[in-house]
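K.L.:
Whatever this is, show me its structure:
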Amino acid sequence: MALSDVKPIGEQLRAWRQRRRLSQLELASEADVSTRHLSFVETGRSAPSRDMVLRLAEHLDVPLRDRNLLLVAAGYAPVFAETPIEEPRMDAVRAAIKQVLDGHEPYPAVVVDRFWNLIDANAAAGFFMEGAAPELLEPPLNVLRLSMHPDGMAKHILNLAEWRAHMIDRVRRHVALTADPGLAQLYRELRSFPGDVGEAMAPPATHEVFVPLRMRVDGRELSFFGTIATFGTPVDITVAELAIESFYPADARTTDFLRARAGW
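P.N.:
Reported below is the predicted structural model:
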């Protein structure tokens, strides 16, 4: 992106504030700055200091990647590194991921980036990919595209409309929070796949506490629920954007299938 394409810092801060549905008074109170000064910053009448940019970004919960962009717009150097996952300084991160993935066996778990591109997976997650079209498995493998594409997992998902509606809504909420154009493009692509997501999601059954992922695998009906884990105090963009999605059996039949598959 050329410097001429970078929007003024005040305009960007105002957009983030509005995205978080905060008034100038609310943000000023939270960030311990005067409303007058914040107004001057947003309108371009005052230039914020580096510390002011970082403080406002913190209270606006701006992703680290975008905090760097705010700093650049204000005339400062970026402060948050984006370290490739294979670099030596990421050894501890990779070791922690491996421990979580291995420890979750014989149940599936995957590690994804901010676009839900696959970074790593344990052996149990392999059956999610069985029978998928080869082009869906080419790097970067996108787990949402794999799960919702007609040539991917979709043909095995028994509650596809329900599952798809919830996952697409999840992406929509991420787009709303981050304004990431790449996520917005993924959202549009997922909505283009066959299936009706125009109607509101049906209320869950009274006996359910989550929306399960129900699949038919090898003639068996399996049911899963998932959890998401992230690193708690990241100051590196790569680490901040990693998420570990772990799937658990929602019934005894699924538990038995996964344990037998792993030879347990």
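
K.L.:
which intervals of the protein have sub-threshold pLDDT?
P.N.:
Low-confidence segments of the chain (pLDDT under 70): 1-5, 196-208.

K.L.:
helices or strands next to the strand ranked longest in it in the packing?
P.N.:
Ordering each strand of the chain by length in residues (DSSP state E) puts strand 220-229 first. Using 3 or more Cβ pairs under 8 Å, 6 or more residues apart in numbering; DSSP states H and E, the elements in contact with strand 220-229 are strand 213-217, strand 243-249, helix 252-261. All C-beta spots, glycine's among them, are computed from the backbone N, C-alpha and C.

K.L.:
by how many degrees do the longest one and strand 243-249 diverge?
P.N.:
Following axes from the mean of the first three to the mean of the last three Cα atoms, to 10 degrees, one obtains 110 degrees for the angle between helix 252-261 and strand 243-249.

K.L.:
before we move on, back to that, run through the neighbouring helices and strands of whichever helix or strand comes after the longest strand of the chain.
P.N.:
Downstream of strand 220-229, the next assigned helix or strand under DSSP states H and E is helix 237-240. With contacts defined as 3+ Cβ pairs under 8 Å, 6+ apart, the packing partners of helix 237-240 are helix 64-73.

K.L.:
roughly how far out does the helix it packs on sit from the chain middle?
P.N.:
Averaging C-alpha positions (Cα atoms, centre = their mean, to the nearest Å) puts helix 64-73 19 Å from its chain's average.

K.L.:
ok, now stretch 235-244?
P.N.:
Remark: stretch 235-244 is offset 10 Å from the chain centroid, using Cα atoms, centre = their mean.

K.L.:
what comes up buried for that stretch?
P.N.:
For stretch 235-244, a neighbour-count test (16 or more other Cβ atoms under 10 Å) marks 236-244 as buried.

K.L.:
if we can go back for a sec, so for Val100, which of the helices and strands packed on strand 220-229 sits nearest?
P.N.:
Of all the helices and strands packed on strand 220-229, strand 243-249 sits nearest to Val100, with 5.6 Å by Cβ to Cβ.

K.L.:
The closest one packs against which elements?
P.N.:
helix 91-104, strand 109-112, strand 220-229, helix 252-261.

K.L.:
can we see that at 7 Å?
P.N.:
helix 91-104, strand 109-112, strand 220-229 (3 or more Cβ pairs under 7 Å, 6 or more residues apart in numbering; DSSP states H and E).

K.L.:
need the contact list for Phe224.
P.N.:
The neighbourhood of Phe224, defined by Cβ atoms under 7 Å, 6 or more residues apart in numbering, consists of 212-213, 247-250, 254.

K.L.:
Where neighbours are concerned, which of those residues has the most?
P.N.:
Most neighbours among these, by other Cβ atoms under 10 Å: Leu213, with 24 neighbours.

K.L.:
mind checking how far that residue is from Asp169?
P.N.:
Distance of Leu213 to Asp169, given as Cβ to Cβ, to the nearest Å: 15 Å.

K.L.:
do Pro88 as well
P.N.:
Counting by Cβ to Cβ - Pro88 and Asp169 are separated by 39 Å.
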